[in-house]
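**Q** The following block contains a protein sequence and its predicted model.
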Amino acid sequence: MSSPPPPFPARIELAGEGLVLRDWVEGDLGAMPALFDHPDIAYWTPMVSPFDGAAARARLERERRLRAEGTTILLAVTADGGAPLGEVMLRRAPEGTEIGYAIGPAHRGQGLAARAVRVMAAYAFEELGVARVILELEAENAASVAVATKAGFRLLDVPLITGEEKGRPFALQTWGLDRP
């Protein structure tokens, strides 16, 4: 029987690459629908759609529960610790330490996702001691393939992860970044 993962810190703030990744707070609930209620996010991610105020509240509560369980961190991507521009996730999973992200439509094209992924990867390497972080994404998601490449990840020679989400089949590639 394996022991549960060590808990994550109750509060996390990571700075680097011109970003501050910080905890989601109650004051962010009103901003979350504008970030996550979008067809791209509904299609490419498991986030609920439509993403409204109730979905924002549920996501904040879920983040707090998963962090307390030691499995997942969800952080707001910000320029300066203020208004959220998107989200970056770190999840301890059987297949590896996975990073995920979603950037609000109004904030795309600024390299936020690749920078947030690199900052979160550095946290995983330096604070959690992991040897590799992974991204799981669909080959057809050109924006995510570009993020993976820009963040320094390489496509791993492992089987596709297949399944169905929201009534559509998916096949995820696994991209990896090894500790420097």
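**A** Perfect, thanks for sending it.

**Q** Low-confidence ranges, this protein, go.
**A** Across the chain, residues meeting the criterion (pLDDT under 70) sit at 1-4.

**Q** Could you export the longest helix along it as PDB, CA atoms only?
**A** Criterion DSSP state H: the longest helix present in the chain is helix 53-69. C-alpha atoms of helix 53-69 as PDB (Å, rounded to 0.1, in the frame of the first residue of the first chain):
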ATOM      1  CA  GLY A  53     -20.700  31.800 -11.300                       C
ATOM      2  CA  ALA A  54     -21.700  28.500  -9.900                       C
ATOM      3  CA  ALA A  55     -19.000  26.700 -11.900                       C
ATOM      4  CA  ALA A  56     -16.500  29.200 -10.600                       C
ATOM      5  CA  ARG A  57     -17.500  28.600  -6.900                       C
ATOM      6  CA  ALA A  58     -17.400  24.800  -7.500                       C
ATOM      7  CA  ARG A  59     -13.900  25.100  -9.100                       C
ATOM      8  CA  LEU A  60     -12.600  27.100  -6.200                       C
ATOM      9  CA  GLU A  61     -14.000  24.600  -3.700                       C
ATOM     10  CA  ARG A  62     -12.600  21.700  -5.700                       C
ATOM     11  CA  GLU A  63      -9.100  23.300  -5.900                       C
ATOM     12  CA  ARG A  64      -9.100  23.700  -2.100                       C
ATOM     13  CA  ARG A  65     -10.100  20.000  -1.600                       C
ATOM     14  CA  LEU A  66      -7.600  18.600  -4.100                       C
ATOM     15  CA  ARG A  67      -4.800  20.700  -2.700                       C
ATOM     16  CA  ALA A  68      -5.600  19.500   0.900                       C
ATOM     17  CA  GLU A  69      -5.500  15.900  -0.500                       C
END
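
**Q** ok, then the element right after that helix?
**A** strand 72-78 (DSSP states H and E).

**Q** circling back: report all helices and strands that the longest helix of the chain contacts.
**A** Under the contact criterion of 3 or more C-beta pairs under 8 Å, 6 or more residues apart in numbering; DSSP states H and E, helix 53-69 touches helix 32-36, strand 72-78. Just so you know, the C-beta spots here come from the backbone N, C-alpha and C atoms, and that holds for glycine as well.
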